[in-house]
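Asks: Structure for the following, please:
(one chain, ligands or ions: 1)
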Amino acid sequence: MLRINNFGTRKLIKDVCKQRYYSAAVPKPKTEHETKKEPKRENESFMANIFRGNLVSKQVFPYPDVLTEEQKEITNSLVDPFERFFTEVNDAAKSDANSKTDDSTLKSLWELGGMAIQVPNDYGGLGMNNTQYGRLCQIVGANDLGLGITLGAHQSIGFKGILLYGTQAQKDKYLPKVSTEEVYAAFALTEPSSGSDANSIRCRAVKSADNKYYVLNGSKIWISNGGIAEIMTVFAQTEQIDKKTGEKKDKVTAFIVERSFGGVTSGPPEKKMGIKSSNTAEVYFEDVKIPIENVLGEEGEGFKVAMNILNNGRFGMGATLSGTMKKCIEIATAHANNRVQFGQKLKAYASIQAKLAQMNILQYATESMAFAISQNMDAGSQDYHLEAAISKVYASECAWYVCDEAIQILGGMGFMRDTGLERVMRDLRIFRIFEGTNDILRLFVALSGVQYAGNHLKELQRAFKNPSANLGFIFKEASRRGTDLSAHVVPELMESAKKTAACIDLFGRTTEEVLLKHNKNIIHEQLILNNLADAAIDIYAMVVTQSRSSRASKLNLPTAQHEINLTKALATQASDRVMDNLKKTTSGQQQGQNKLLSVIAQEICNQDGVHTTGPLDQQ
Ligand code: MYA
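Replies: Numbers count the residues shown, from 1 in each chain. I've put the predicted structure just below:
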């Protein structure tokens, strides 16, 4: 069998370039002095700004392109060894059947550097930035999502906190272990009573009287790598004293916990629908003594540490799933090109053509989102949270659709295990649930955006109370015209850009209208928030595809015309949906419908299920 270390990836990386790790843009804790001096930073998020009707195009136009030639060369040189690992060493179907990846295969992945893609070279990692990581994630996604979770839970969230928030001593101690010593990491946040409501965790850590350590008690569930990890990022409540009021209050703190501290045990591997080869287990902490130097970030700031680790890793899911979709499309296309029914190949039938086209449109948009975000992150942006959440929701739903349609094109053959799509479909189901359910992330996107718009409205109201002192601000607002994207796209996309601009304008106006109508109660209007989130997601998809395909056209890429076609088709579908969703936020008929659904649901809950008599029982 091929020995993976023949690929010599680690050496290749070290030889070709000692590139610096591009630290992900998470604000480092600041001293009080620094915080006071820093001028107010403008939010550069494209999506946050359209909630207040403002076009801040820097993140999306032109389509970001941050890799140097050298970085591109390194990334390309890794693509082949990664692909060979998946085709010649790893066996996804076997791992799925055994609910375990072979130890020798995992060893090969470690040797390839696949478990430390973003760890700096000096610590033994591949030293890749987010964009390079995304490119490799695509290969993982195309081949084995189960192994992807082992890999992702380890580095996308397991030890990511050490990269983002670790002290020098923490990095020096732990990064070599998780990069080269085959020591697995995990991210332990979720608990039996705390899933989406991440702030409500009950694990508790109590500080010793001499302030030298914490004692941790509690348990976590559904922890990816939970049964195999030696190092975990664990979140627990700790007593903190409010700096302003002096009151004692529980606040979350993040810790680096080693299994070797003692008192850490884990349950048996969970039996799951998919991603079976990855380990998922409960983890129990009983009087675990954690040295104070293992606090990650500031004490009491653990919730934000958790959120930012998740924010930082989410684009990776988009990149991974764009690879999965590509593979599904390849399988479906091979079938459509060969299978003959009613005297013609399937590819000749319009309904099959429409399916393939739609699958490609969604794959293109997902990939465009993931790499727009990764490249903004690599360029140092700190404002990517909404976009990252959007890309996670979009990718996980599109991948599900694409895999389902691929199975449909293959018909009975798609249902058979040997085709491989059945495993992919089972693996994909969890992506709409973990790393923040899509339901919670939709609310997160809409509420964050609405809050940002609300703050702006308040600023405007304040400015009008003293207009002479705020003339600049007021004029800037008054001179704002309708959105015009025409300067950013190639002529063939003018119509699509016009549709998108109209959506952006209506989006800003609708957000304002909704805010004025519901004010703070908007947090209780989940269905309206969902409409806003869906509109936001479609707008982001239109914008990134228009940007990317315009660039492809300007660069005269051989794929440019196809990319333009995908973009135009997407704009037509998505703009219609945006208009429809925005209309629903204010339509009386829709509000009536929403109320009716609530009444129906209450009845179902009161009756513990369906509340109708069967047709045969009716008199
Ligand atoms: S790990 C488990 C994942 N769990 C979750 O994602 C939990 C979801 N819940 C939440 O995110 C939060 O609880 C929500 C807020 C959003 C609901 N960024 O009052 P708040 C700030 C920055 O709104 P809550 C897993 O599944 C906010 O501004 N800041 O909070 C792994 C506020 O700040 P301030 C944020 O209502 C699976 C404060 O926090 C964010 O309690 C394995 C409080 O806010 C944010 N996002 O809840 C995956 N949210 O006080 C494997 C809030 O200053 C990896 N805040 O105003 C797979 C990788 C892919 C594959 C790779 C293959 C290669």
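Asks: Strands along this structure, start to end?
Replies: 185-188, 204-207, 213-224, 231-241, 248-258, 264-266, 280-291, 295-296, 340-341, 344-345 (DSSP state E).
Asks: any chance of the ones you listed in a markdown table, with distance to the ligand too?
Replies: The way it works is simple: take the backbone N, C-alpha and C, and place the C-beta from them, glycine included. Output for these, formatted as a markdown table (distance: least, Cβ to the nearest ligand atom, whole Å):
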| stretch | distance to the ligand |
| --- | --- |
| strand 185-188 | 6 |
| strand 204-207 | 18 |
| strand 213-224 | 4 |
| strand 231-241 | 10 |
| strand 248-258 | 10 |
| strand 264-266 | 15 |
| strand 280-291 | 8 |
| strand 295-296 | 15 |
| strand 340-341 | 37 |
| strand 344-345 | 35 |
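Asks: out of the ones you listed, which comes closest to G614?
Replies: The closest approach between G614 and any of the strands of the chain, judged by Cβ to Cβ, belongs to strand 213-224 at 37.4 Å.
Asks: just checking, what packs against that closest one?
Replies: In terms of contacts (3 or more Cβ pairs under 8 Å, 6 or more residues apart in numbering; DSSP states H and E), strand 213-224 is packed against helix 145-152, strand 185-188, strand 204-207, strand 231-241, strand 248-258, strand 280-291.
Asks: Any idea how many residues pack against the nearest residue to L147 once chain neighbours are set aside?
Replies: Of all residues not flanking L147 in the chain, T101 sits nearest, at 5.6 Å (Cβ to Cβ, 6 or more residues apart in numbering). By other Cβ atoms under 10 Å, 23 other residues sit near T101.
Asks: For T101, which residues are in contact?
Replies: Applying Cβ atoms under 8 Å, 6 or more residues apart in numbering to T101 gives the contacts 90, 95, 146-147, 150, 277.
Asks: Could you tell me how far it is located from the ligand?
Replies: From T101 over to the ligand the distance is 14 Å, taken as Cβ to the nearest ligand atom, to the nearest Å.
Asks: Indicate which one of the strands of the chain is closest to P176.
Replies: strand 231-241 (11.5 Å).
Asks: Please name the residues that touch the closest residue to the ligand within the chain.
Replies: In the chain, no residue comes nearer to the ligand than G152, which is 2.9 Å away by Cβ to the nearest ligand atom. By Cβ under 8 Å, 6+ apart, G152 lies in contact with 137, 140, 224, 313, 316-317, 320.
Asks: Compare these and tell me which is most surrounded.
Replies: G316 (33 neighbours).
Asks: my read: it touches S156, true?
Replies: Yes - assessed by Cβ atoms under 8 Å, G316 is found in contact with S156 at 5.1 Å.
Asks: any idea of the mean pLDDT in stretch 110-129?
Replies: The average pLDDT within stretch 110-129 is 97.
Asks: And stretch 189-196, by the same measure?
Replies: The average pLDDT for stretch 189-196 rounds to 96.
Asks: Tell me the buried residues in it?
Replies: By 16 or more other Cβ atoms under 10 Å, the buried positions in stretch 189-196 come out as 189-191, 194-195.
Asks: Quote the end-to-end distance of it.
Replies: Length of stretch 189-196, first residue to last, Cα to Cα, to the nearest Å: 10 Å.
Asks: Next: stretch 424-442.
Replies: The first and last residues of stretch 424-442 sit 24 Å apart, counting by Cα to Cα.
Asks: got the contact list for that stretch?
Replies: 145-146, 157, 196, 222, 224, 272-276, 310, 313-314, 317, 321, 324, 327-328, 389-390, 392-393, 395-397, 399-400, 403-404, 407, 444, 529-530, 533-534.
Asks: ok so, going back, which among the contacts of T101 gets closest to L356?
Replies: G146 (26.7 Å).
Asks: roughly how far apart are the closest one and W110?
Replies: 17 Å (Cβ to Cβ, to the nearest Å).
Asks: More neighbours: which of those two?
Replies: Between G146 and W110, counted using other Cβ under 10 Å, the more crowded position is G146 (24 against 19).
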